[in-house]
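**Q** The sequence isn't on hand, but the structure is:
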């Protein structure tokens, strides 16, 4: 094992924490690549990254996806219910988070009833992370409309699932523990992405008729 990793472990740094910190640059670089080169926007860079780690904290990826979809669906439903009350933004979001929280609690109880112990035993960490997604989702709905918010939510889910499989890849974990400084290579790669001036792949698809006509 790398001396730096051995030093960290010998001084009480948990292995899981060390792995997540070393893989974080790879995950956020992957998200930046999807945004700059492919054209998948999602909810920025922070939200897909934190959702990725929330998925890692669940027992199985399918339970993370179920909670994510429940949060988005309930958030959309409650928002439309509250529109008629014309509430200010923060009280409205507080009500939505409360109701979404109880919906997730009901989901966990249902999982226990049907012997889905993996779902019932999901820790509070990923649940809280995905519940707070409601505020981001509502803000986008208000600014850009419901359709755009749903598209960004789907894109966030896709990127987070890909990030989950990258971050849980045993070969990558073993490699990064042996060569932790490899994470720093994401810096020059991001400098390259930061100077990207070409069309995104989604734009090639979007403007394919114009490109063909030239």
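**A** Nice, I can see it. Keep in mind that what you see is a predicted model, and the values were worked out from it rather than measured. Residues are numbered from 1 along each chain as shown.
**Q** Contacts only, for residue 122.
**A** 58-59, 63-64, 67, 108 (CB atoms under 8 Å, 6 or more residues apart in numbering). Heads up, the C-betas are built off the backbone N, CA and C, glycines and all.
**Q** cool, residue 158 as well?
**A** For residue 158, counting by CB under 8 Å, 6+ apart, the contacting residues are 40, 42.
**Q** Please report phi then psi for it.
**A** phi -60, psi -50 (degrees, to the nearest 10).
**Q** let's have the chain start at 644 instead
**A** From this message on, residue numbering opens at 644, which makes the last subject residue 801.
**Q** any idea how far residue 794 is from it?
**A** Remark: distance between residue 801 and residue 794 (CB to CB, to the nearest Å) = 11 Å.
**Q** what's the answer for residue 816, then?
**A** 32 Å.
**Q** and what of residue 756?
**A** Counting by CB to CB - residue 756 and residue 794 are separated by 34 Å.
**Q** Compare the two and say which is more crowded by neighbours.
**A** Remark: of residue 756 and residue 794, residue 794 carries more neighbours, 16 against 9, as counted by other CB atoms under 10 Å.
**Q** Regarding the chain, what is its longest helix?
**A** helix 732-756 (DSSP state H).
**Q** which other residues reach it?
**A** 706, 709-710, 713-714, 717-718, 721-722, 725, 728, 730, 759-763, 765, 770, 773-775, 777-778, 781, 785.
**Q** chain center to it: distance?
**A** Here helix 732-756 is found 19 Å from its chain centre; the criterion is CA atoms, centre = their mean, to the nearest Å.
**Q** Among the contacts of residue 765, find the lowest-pLDDT one for me.
**A** For the contacts of residue 765, the least confident position by pLDDT is residue 702, scoring 69.
**Q** Can you mark which positions in the helix or strand following the longest helix of the chain are buried?
**A** Counting by DSSP states H and E, the next helix or strand C-terminal to helix 732-756 is helix 760-763. When burial is assessed from 16 or more other CB atoms under 10 Å, helix 760-763 yields the following buried residues: 762-763.
**Q** so where's the protein uncertain?
**A** For the chain, the stretches with pLDDT under 70 are 644, 702, 841-857.
**Q** what are the ranges of the helices in it?
**A** 646-653, 658-676, 689-700, 704-725, 732-756, 760-763, 767-774, 776-787, 789-810, 813-821, 829-837, 844-849, 851-856.
**Q** Of those helices, which is nearest residue 682?
**A** Among the helices of the chain, helix 844-849 comes nearest to residue 682, with 3.0 Å by CB to CB.
**Q** Return the set of buried residues in stretch 704-714.
**A** 706-711, 713-714.
**Q** Tell me how far the residue lying closest to residue 770 once chain neighbours are set aside lies from residue 790.
**A** Closest residue to residue 770 apart from its sequence neighbours, by CB to CB, 6 or more residues apart in numbering: residue 747 at 5.8 Å. Residue 747 is 25 Å from residue 790, where distance means CB to CB.
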